[in-house]
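Novice: Output the structure for:
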Amino acid sequence: ISCSVVQGSGPYNEQVFFGNIPGISAISSIFINGNNEEVQFNNTNPGSIGIINLIGTDYVTFKNLRVRSLNVSYGVGFILTAGSDFNTIDSCFIDISVTTGSGSAGIALTGTTSTSLTTTGINGSFNTFSNNIITGGSNGGPYYGMIIIPTNTNGTANNTTRVTNNTIRDFTVYGMYIMYSAGGVYRGNVMSRPTKASPTTHYGIYMSSGMAQDTFDRNVVRQPFEMLQTSTGTFYAYYAIATNIPTARPVIFSNNMMYNIRFNGTLYGFYQLSAQNFRLWNNTFVVDHPTSTATAVTYLYYNSGTPTTTTIRNNIFYLNRGGTGNKYALYFATTGAGYVCNNNAFFMGNAGTNTFLGYYSANQLDLNAWKLVNSSAYDQNSVQANPRFRSYINPDFYQPGADSLNNIGFATPDVQFDFTGQPRSTT
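Specialist: Below you'll find the model as predicted:
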């Protein structure tokens, strides 16, 4: 079944509910073309905060629909819950810019229709969210850009949520909040807060609880405190905690970037706490803010907790931040076996004081010192050099131009393409 919203007929002031549709299947699905018309709603019921609600709904596609929350306290553009499977939300514009409460999101795959949006449950599998724009504003915005909680159980069979090529901007705290994902693909998404007037704590992508065999690839986190660069708040680009990843089903974290990180607070690029079996390949972590006056600590990579089979290879760590706070490219709070860390590129600028390449039992000033720790276990084939990014091509083009970085990488079948989609070398 295919239906289209009549052009020029909106906006529609209402909530929309879909339930279990008899006879629906992969070959008998529903496609709704919104024709860029808008559904908007001022919801005053905290027990039912979704504007478009899929409750036990399967095989429905929404495309080119505009959805807007008019309530200042809560509102979610799309809620999927109660076993909603095989649905697609594509090329939609979701405006949560007037909402300021924690019960708000652009898209939520969750166990509730109320304000308790991180409720777990058998919520939905094999859903796709692609090419959407989720936006807040200078004063309001979704507390969560997206919430992805397909299930409530560790180590399940792949539930394969696909989240690709979305733009999530001016959210309040979380760009993406992900729990109990298995076999998910999170690729090509951009999280930023370019116009947020009073930004608070920032999580670009938050990962927790029962993950397995997920892929995070070509995502970008940038401009978290752009309009308040004097902020002393806390920033996490990518945050992983207690993910319980099985050894045979590692999470691949590749080709991701963070840049344009300008503020004066505590900074974490990749934060890993009691989260095992991550493979970090070919990522770029850039902090280039020489005018910062930060007294807080900077970590491009931070791990605490047993680092079981944690791989850190082929990454670029670029650190040039002003201020007197300690600064680290790598910080291994937990010592011992478990890390595979090699073939990386490091640049340590001189904008501020107390800049160290790494921490392992003590501060390590540069790569030569770092290579000696833990019986010379780490970064023996890495380099410390300026990558000389090719920003003359595009200000957001973070491909290195320095010959000293050529051919130091380690080929892996985990990462077959680069950030631009071109095949990577197999040698």
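
Novice: Tell me which residue lies nearest the centroid of the chain.
Specialist: By CA atoms, centre = their mean, the mean C-alpha position of the chain lies nearest to Ile205, the distance being 2.8 Å.

Novice: what's the strand or helix carrying it in contact with?
Specialist: Assessed by DSSP states H and E, Ile205 sits inside strand 202-208. Residues from elsewhere that reach strand 202-208, judged by CB atoms under 8 Å, 6 or more residues apart in numbering: 173-179, 181, 186, 191, 193, 214, 216, 219, 221, 224-225, 233-243, 251, 258, 275. Backbone N, C-alpha and C define where each C-beta goes, glycine included.

Novice: taking those one by one, which sit in strands?
Specialist: Judged by DSSP state E, strands contain the following of these: 174-179, 186, 191, 216, 221, 234-241, 251, 258.

Novice: out of those residues, which are buried?
Specialist: Buried members of the ones in strands among the contacts of strand 202-208, counted by 16 or more other CB atoms under 10 Å: 174-179, 186, 191, 216, 221, 234-240, 251, 258.

Novice: Against Gln422, how distant is the residue lying closest to Asn277 once chain neighbours are set aside?
Specialist: In space, and not counting its chain neighbours, Asn277 is closest to Ile245: 3.9 Å by CB to CB, 6 or more residues apart in numbering. Distance, Ile245 to Gln422, by CB to CB, to the nearest Å: 29 Å.

Novice: How about Leu280?
Specialist: Counting by CB to CB, the gap from Leu280 to Gln422 is 20 Å.

Novice: And those two? Which one has more around it.
Specialist: Remark: of Leu280 and Gln422, Leu280 carries more neighbours, 25 against 7, as counted by other CB atoms under 10 Å.

Novice: Isn't that one up against Ile316?
Specialist: No - taking CB atoms under 8 Å as the definition, Leu280 is not a contact partner of Ile316, at 11.4 Å.

Novice: Residues in contact with stretch 295-307: which ones?
Specialist: Applying CB under 8 Å, 6+ apart, the contact partners of stretch 295-307 are 232, 264-276, 280, 285, 287, 310, 312, 315, 317, 319, 321, 323-334, 336, 338-339.

Novice: let's go with 7 Å and repeat that
Specialist: With contacts defined as CB atoms under 7 Å, 6 or more residues apart in numbering, stretch 295-307 is touched by 232, 265-276, 285, 287, 310, 312, 317, 319, 321, 323-334, 338-339.

Novice: With stretch 262-273 instead?
Specialist: Applying CB under 7 Å, 6+ apart, the set of residues contacting stretch 262-273 is 224-226, 229-241, 258, 261, 278, 280, 285, 287, 289, 292-294, 296-305, 323.

Novice: quick one: average pLDDT of that stretch?
Specialist: Stretch 262-273 comes out with an average pLDDT of 98.

Novice: okay, that stretch in PDB with CA atoms only?
Specialist: Below are the C-alpha coordinates for stretch 262-273, written out as PDB (Å, rounded to 0.1, in the frame of the first residue of the first chain):
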ATOM      1  CA  ARG A 262      36.400  24.500  21.300                       C
ATOM      2  CA  PHE A 263      35.600  25.100  25.000                       C
ATOM      3  CA  ASN A 264      37.400  25.100  28.400                       C
ATOM      4  CA  GLY A 265      36.000  22.100  30.300                       C
ATOM      5  CA  THR A 266      36.900  18.400  30.700                       C
ATOM      6  CA  LEU A 267      37.300  16.700  27.300                       C
ATOM      7  CA  TYR A 268      37.000  13.000  26.400                       C
ATOM      8  CA  GLY A 269      37.400  11.800  22.800                       C
ATOM      9  CA  PHE A 270      36.600   8.100  23.300                       C
ATOM     10  CA  TYR A 271      35.700   7.200  26.800                       C
ATOM     11  CA  GLN A 272      35.700   3.500  27.700                       C
ATOM     12  CA  LEU A 273      34.700   2.400  31.200                       C
END
